[in-house]
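In: Show me how the following folds:
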Amino acid sequence: MTRLPLNSESLAGNGRTTMRPTGVFALVAAMLLMSAVATAEPSSEANEAGAQAMRKLGTVPWYDAEKDSLRRIDPPEVEEIEEIKKWEPPEEEDTSTSDASSGPSVNVNPGGAFGTLSYGVITLLTLVVVAVIGWIVYLVLKGFGVIGTSAPTGPKADIRRLENLPVPIEPTDVDLLTQARLHYEAGRYGPATIYYFSHLLVELDRHEVIQLLKGKTNWEYIRESRHRPELNGVVKITMRTFEDYYFGDHEITREQFEKCWEQRDQFARGLTG
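Out: Here you go, the predicted model:
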């Protein structure tokens with residue numbers, strides 16, 4: 001087999017043309033250059049849009065709107081930097097106090113009207129509680145006979161006492177102790193006990209040991225007179241005899257009545273003691 005020559009002369013002799021490598025490189029370089037030029041040179045529309053955007057920013061130190069170019073900015077001097085370092089923010093004004101010329105004061109009470117109302121209600125409730133406690137203490141002391149109102153005097157006072165007795169008695173010119181003695185001497189020991197017990201209660205009220213009131217029980221009078229034992233014992237014995245006769249409907253013997261009657265002098269001494 002005969003080999004064919006592969007050089008350029010042989011190819012030319014066959015009527016074909018082959019491009020040299022140097023021409024290929026030149027063509028590629030020209031294309032790249034044209035692309036770079038097209039990219040590096042923006043259109044006039046893009047330039048105008050960029051200029052308008054910069055003008056909208058207003059006056060800025062790094063752009064010159066007249067020349068449509070960047071402006072050089074020099075760094076600050078050393079003195080200006082020192083002034084910036086020394087700058088301090090201004091002190092806030094103290095608004096906690098204000099003089100008279102600043103206008104009327106403002107109420108800063110967080111509670112407002114509601115807080116004032118609550119304080120008033122609490123104060124009122126406190127006064128009511130104190131008053132109730134005081135009244136209860138007064139009633140207790142009065143019940144034990146520690147304190148009492150001043151006993152009224154005069155004929156009207158005696159009538160009031162007779163009306164407030166456990167057994168109301170019509171007023172007469174004869175005192176209760178004398179009437180008790182008259183019934184005792186006549187042998188009517190039941191009525192004598194009523195008048196004698198009534199005499200004891202009236203005298204206790206007159207000397208402010210108890211307070212005669214209609215509706216009170218005999219045992220309440222006993223409790224009121226407990227702070228006076230020299231009187232309380234006499235009243236208690238007579239009260240039991242009185243209740244046996246008046247409420248129990250029992251006959252009172254001479255011995256029962258005399259047991260009460262014999263203590264009348266001790267009772268009189270206790271009133272003045």
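In: switch to C-alpha atoms for all contacts and neighbour counts from now on
Out: Will do.
In: ok, and for the helix or strand harbouring R223, which residues are buried?
Out: Per DSSP states H and E: R223 is located in helix 218-224. For helix 218-224, burial by neighbour count (16 or more other CA atoms under 10 Å) applies to N218, Y221, I222, E224.
In: Count residues in the vicinity of the nearest residue to the first one once chain neighbours are set aside, would you?
Out: Using CA to CA, 6 or more residues apart in numbering and skipping the chain neighbours, the partner closest in space to N218 is M239 (7.2 Å). M239 is surrounded by 24 other residues when neighbours are defined as other CA atoms under 10 Å.
In: Let's test this: mean pLDDT of stretch 176-190, rounded?
Out: For stretch 176-190, the mean per-residue pLDDT is 95.
In: scratch that, stretch 247-262
Out: Mean per-residue pLDDT for stretch 247-262: 95.
In: before we move on, what about stretch 72-88?
Out: On average, stretch 72-88 scores 64.
In: Other residues contacting the next helix or strand after the helix holding R223?
Out: Under the assignment DSSP H and E, the closest C-terminal helix or strand after helix 218-224 is helix 229-246. For helix 229-246, contacts defined as CA atoms under 8 Å, 6 or more residues apart in numbering pick out 190, 193-194, 197, 200, 218, 222, 225-226, 250-252, 256-257, 260, 263, 266-267, 270-271.
In: Next one: A180 relative to L231, how far apart?
Out: Distance of A180 to L231, computed by CA to CA, to the nearest Å: 19 Å.
In: circling back to that earlier point, could I get the buried residues of helix 218-224 in JSON lines, plus columns for distance to Y246 and pLDDT?
Out: As requested, the buried residues of helix 218-224 are exported to JSON lines (distance: CA to CA, whole Å; pLDDT from 0 to 100):
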{"residue": "N218", "distance to Y246": "12", "pLDDT": "94"}
{"residue": "Y221", "distance to Y246": "17", "pLDDT": "94"}
{"residue": "I222", "distance to Y246": "18", "pLDDT": "94"}
{"residue": "E224", "distance to Y246": "22", "pLDDT": "94"}
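In: what's the weakest-modelled helix or strand in this protein?
Out: helix 8-13 (a mean of 42; mean pLDDT, DSSP states H and E).
In: how is the protein carved up into domains?
Out: Domain segmentation of the chain under automatic domain parsing yields 115-144, 155-272.
In: Now render those as CSV, adding distance to K67.
Out: Output for these, formatted as CSV (distance: least, CA to CA, whole Å):
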stretch, distance to K67
domain 115-144, 70
domain 155-272, 117
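In: Least reliable of those by average pLDDT, please.
Out: Mean pLDDT is lowest for domain 115-144 among these, at a mean of 78.
In: elements contacting the helix or strand hosting L139?
Out: Assigned by DSSP H and E, L139 belongs to helix 112-143. Judged by 3 or more CA pairs under 8 Å, 6 or more residues apart in numbering; DSSP states H and E, helix 112-143 is in contact with helix 218-224.
In: that older thread, out of the domains of the chain, which comes closest to A49?
Out: domain 115-144 (65.9 Å; CA to CA).
In: Give me the contact list for stretch 189-199.
Out: Outside stretch 189-199, the residues within contact range by CA under 8 Å, 6+ apart are 165-167, 176-177, 179-184, 235, 238-239, 241-242, 245-246, 251-254, 257, 261.
In: V130 and L117, how far apart?
Out: Distance, V130 to L117, by CA to CA: 20 Å.
In: If you could redo that for I133, that was the one I meant.
Out: I133 is 24 Å from L117, by CA to CA.
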